[in-house]
Structure formats: structure tokens, C-alpha cells
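K.L.:
need coordinates for the below:
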Amino acid sequence: MPPVKIIVTDLDRSLLRDDKTISGYSMDVFEKCRQRNIKIAFATGRPNRSIVEYVKALKPDAVIYMNGAIIKTGDMILDRHTILHLTAKKILKQIEEKLPESTLSVEIDDTMYSNFDLGSEWDHTRIDFNDLPCRDVDKIIIGTIPVTQMKELEIFIPDDLYLIFNTGKFGFILNKKASKWEGVKKVAAHFGIDTKDIVSFGDDLTDSEMLEKCGAGVAMGNAAEEVRNRAAFVCDTNENDGVAKWIEENVLA
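P.N.:
Residues are numbered from 1 along each chain as shown. Sure thing, here's the model as predicted:
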């Protein structure tokens with residue numbers, strides 16, 4: 001394996017334990033990576049507001065947010081791929097009419113707008129999508145209906161967007177240029193590093209492409225079988241610090 005210059009990791013069910021914490025052991029391993037001038041990047045489906053504590057703790061060199069809709073290094077946006085406001089409103093209306101039992105949320109400028117009440121656990125604004133703020137959308141999230149029904153919605157998706165699913169049975173509508181792998185390529189280009197010198201970690205279907213195409217892709221032991229099959233390596237589970245253990249044994253050894 002070539003020398004590793006960037007480590008890219010998903011957060012939920014990958015770097016994060018089930019209680020959403022990062023262990024002290026993992027923190028120490030990443031600090032050793034930094035001492036060796038190995039860059040760190042997060043690749044997550046989450047928006048900025050929900051990972052502030054992890055960014056403060058590990059100080060990644062880059063973050064790929066919302067499955068690649070936004071890519072940042074520090075406060076600088078390297079790239080952003082959105083859904084046009086009018087296109088998003090049209091899609092939301094079509095979904096509500098076809099599958100009114102579905103739940104819908106959109107991410108706009110680090111704020112979530114939903115057509116249902118998510119409860120106090122989630123920071124969101126309940127809204128009638130007719131009143132959606134007149135700004136482009138980063139991501140549309142579909143829930144509560146089976147994936148087989150979600151696939152019926154592809155007839156509403158224009159050519160410049162796509163629909164992807166995760167193992168949690170949620171669907172996401174994104175700009176076609178927004179994916180974790182595209183984000184990894186953008187980060188690599190920014191730092192002048194070849195993608196073959198990148199190790200990536202993940203557990204979900206949305207991680208599969210970057211695991212398959214990075215220099216080394218490592219699926220979590222708790223990953224979906226399809227994800228494990230597409231990765232070159234499999235590490236221990238997120239509960240057992242699989243990311244940090246693999247790095248210590250294969251990168252820092």
C-alpha cells in the first residue's frame with residue numbers, strides 16, 4: 001500500500017461509537033496521524049451544525065458535508081452542489097401528491113425544514129413547502145416509506161439530480177455532482193494529493209463508491225454486506241474503535 005497522505009472517515013456507525021462519542025483511544029491515534037503530517041477529512045451525510053463538536057475535537061483538514069453537497073477546508077468552501085429552488089419545490093410537491101404518507105425534509109444553508117414534526121431531538125423548522133425560503137436546496141430527505149416506493153419517485157428527478165438510499169431506509173435527492181467520492185477527489189486536488197494515497201472508512205451504501213475508488217477502502221465490521229463486499233479491507237466495528245485500530249496497525253505501524 002502506498003504511503004497514506006489523507007485519511008477520510010465517515011462519522012455515524014464508523015468513527016463514532018453508538019452513543020455518538022469518539023473514544024480517547026481514537027483521539028490519540030488521530031493525533032499521531034497529525035504528527036506524521038497525515039491529513040484528516042470527514043465525509044458525512046450530516047450538515048455543519050450537527051458535527052461542530054467533532055470538528056472542534058479532531059480539527060479535520062477538510063469536511064465533506066451532506067454526502068458531498070458542500071466541501072470545506074476550514075471556513076473556505078471548496079465546492080457546493082445544490083438543487084435549484086424552483087426545482088426542489090416542484091419535486092417536493094410531486095412527492096407529496098404521489099406519496100402523502102412520506103416524510104420530507106430539506107437542508108438549506110445549515111437549516112432543516114420539514115413537513116412534519118421531528119420532535120425536540122432534531123433541530124428543525126416545520127413548514128408548508130409552499131413557504132419554503134427562496135434559496136437553493138442542499139439536500140432533500142425522504143422517509144417512512146419503503147425503498148420500493150421511493151424508487152417510484154425517480155420519474156420526478158431531472159437529469160442533473162439523483163436519488164440514493166442508505167441502509168437506514170432513507171432516500172436522499174442530491175445534485176449529481178454531490179457524492180462523498182466527488183468530495184474526496186476535490187479535497188485531494190486541493191491538497192495536491194493523489195487519491196491512491198487516501199484511505200477511506202465507512203459503513204453505508206453512500207460510502208461505497210469512495211471505499212471502492214480510494215487507494216484503500218476500509219469497511220466497518222458493522223457495515224452492510226454490500227458495502228463490505230465493495231471494500232478492499234474490513235476493520236473492527238465502530239463500537240470497538242475499528243477505524244483507529246486499523247490505522248494503528250496498517251498506517252502507523
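
K.L.:
what about the helices in the protein?
P.N.:
Taking DSSP state H, the helices of the chain run over residues 24-35, 52-58, 85-98, 147-151, 180-191, 208-213, 225-230, 242-250.

K.L.:
out of those, which is closest to W122?
P.N.:
helix 52-58 (15.3 Å; C-beta to C-beta). To be clear about C-beta, it is placed using only N, CA and C from the backbone, and glycine gets the same treatment.

K.L.:
go through the closest one and flag the buried ones.
P.N.:
Neighbour-count burial for helix 52-58, counted by 16 or more other C-beta atoms under 10 Å, picks out 54, 58.

K.L.:
any idea how far that helix is from the middle of the chain?
P.N.:
In terms of C-alpha atoms, centre = their mean, to the nearest Å, the centre of helix 52-58 is found 16 Å from the chain centre.

K.L.:
number of nearby residues for the residue nearest to D160 when sequence neighbours are not counted?
P.N.:
Spatial nearest neighbour of D160, chain neighbours left out: K176 (5.6 Å); criterion: C-beta to C-beta, 6 or more residues apart in numbering. For K176, the neighbour count with other C-beta atoms under 10 Å is 13.

K.L.:
verify the stated contact: K176 with Y162.
P.N.:
Yes - with contact defined as C-beta atoms under 8 Å, K176 reaches Y162; the gap is 5.2 Å.

K.L.:
who's in contact with T144?
P.N.:
101-103 (C-beta atoms under 8 Å, 6 or more residues apart in numbering).

K.L.:
tell me the pLDDT at it?
P.N.:
If you check T144, the pLDDT there is 85.

K.L.:
could you measure it against V243, distance?
P.N.:
31 Å (C-beta to C-beta, to the nearest Å).

K.L.:
A216 now?
P.N.:
From A216 across to V243, the span is 13 Å (C-beta to C-beta).
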